[in-house]
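Colleague: need a structure here:
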Amino acid sequence: MSPFGTAVALALALLVQTALGRLAPGQVAILDPFLLVVVYSGLTRGELHGMLAGTMAGWIQDIQFGGPVSGLSALTKLLLGFGVGAAGSRFLLVGPGPRLLVLVTASLADALLLERLAAMLGVPVAELTLHALLTRAAVNALVGALLFHLLDKRLRTSA
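Modeller: Okay, the predicted model is just below:
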């Protein structure tokens with residue numbers, strides 16, 4: 001995905017997150033479209049692109065849907081973008097199975113990193129129950145795997 005494609009994907013993620021917040025405010029934490037953009041960017045373009053996409057995604061989340069500390073989501077997504085990009089460049093993570101595993105791991109790591117960083121800074125955040133955490137990981141993995149498959153198919157036919 002090119003930098004322009006990443007910017008478009010981040011704009012679409014903002015649109016999806018805003019729509020989810022309006023239509024189902026209680027269920028907004030179940031799907032994280034910004035995380036999907038960061039994971040795809042890291043898997044397809046490496047750790048640098050993943051870090052940059054993660055930073056931008058986190059800043060958008062912090063500014064639009066913010067919390068008491070700006071930059072907390074940006075730091076979390078930056079770390080995830082680097083981790084996914086590094087893993088994607090060292091391991092073969094191209095099939096649906098490995099990508100599902102990466103999405104589940106990234107979803108769990110995102111929530112736990114954000115919670116731990118907030119606790120370290122003394123910032124109150126809503127804690128996710130085990131059920132909510134697993135539901136979020138499953139939804140992100142299923143939606144992400146479907147989107148990644150469609151994107152790969154679209155990019156292959158256009159190339």
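
Colleague: Helix, strand, or coil at residue 149?
Modeller: helix (DSSP: H, G, I helix; E, B strand; the rest coil).

Colleague: where's the closest residue to residue 54 other than its chain neighbours, which helix or strand?
Modeller: In space, not counting the residues next to it along the chain, residue 54 is nearest to residue 81; the distance is 3.0 Å by C-beta to C-beta, 6 or more residues apart in numbering. C-beta here means a position set from N, CA and C on the backbone, and glycine is covered the same way. Per DSSP states H and E, residue 81 falls inside helix 72-90.

Colleague: which residues does the residue nearest to residue 56 when sequence neighbours are not counted contact?
Modeller: In space, and not counting its chain neighbours, residue 56 is closest to residue 10: 5.9 Å by C-beta to C-beta, 6+ apart. Taking C-beta atoms under 8 Å, 6 or more residues apart in numbering, we find residue 10 in contact with 34, 37, 53, 56-57, 60.

Colleague: Of the residues you listed, which belong to helices?
Modeller: 34, 37, 53, 56-57, 60 (DSSP state H).

Colleague: okay, those in a markdown table with distance to residue 28 and neighbour count next?
Modeller: As requested, those are exported to a markdown table (distance: C-beta to C-beta, whole Å; neighbours: other C-beta atoms under 10 Å):
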| residue | distance to residue 28 | neighbour count |
| --- | --- | --- |
| 34 | 12 | 26 |
| 37 | 17 | 31 |
| 53 | 21 | 30 |
| 56 | 20 | 21 |
| 57 | 16 | 30 |
| 60 | 15 | 20 |
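
Colleague: now the residues you listed as JSON lines including distance to residue 85 and pLDDT?
Modeller: Rendered in JSON lines, the data for the ones in helices among the contacts of residue 10 read as follows (distance: C-beta to C-beta, whole Å; pLDDT from 0 to 100):
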{"residue": "34", "distance to residue 85": "16", "pLDDT": "96"}
{"residue": "37", "distance to residue 85": "13", "pLDDT": "96"}
{"residue": "53", "distance to residue 85": "9", "pLDDT": "96"}
{"residue": "56", "distance to residue 85": "14", "pLDDT": "96"}
{"residue": "57", "distance to residue 85": "13", "pLDDT": "95"}
{"residue": "60", "distance to residue 85": "19", "pLDDT": "94"}
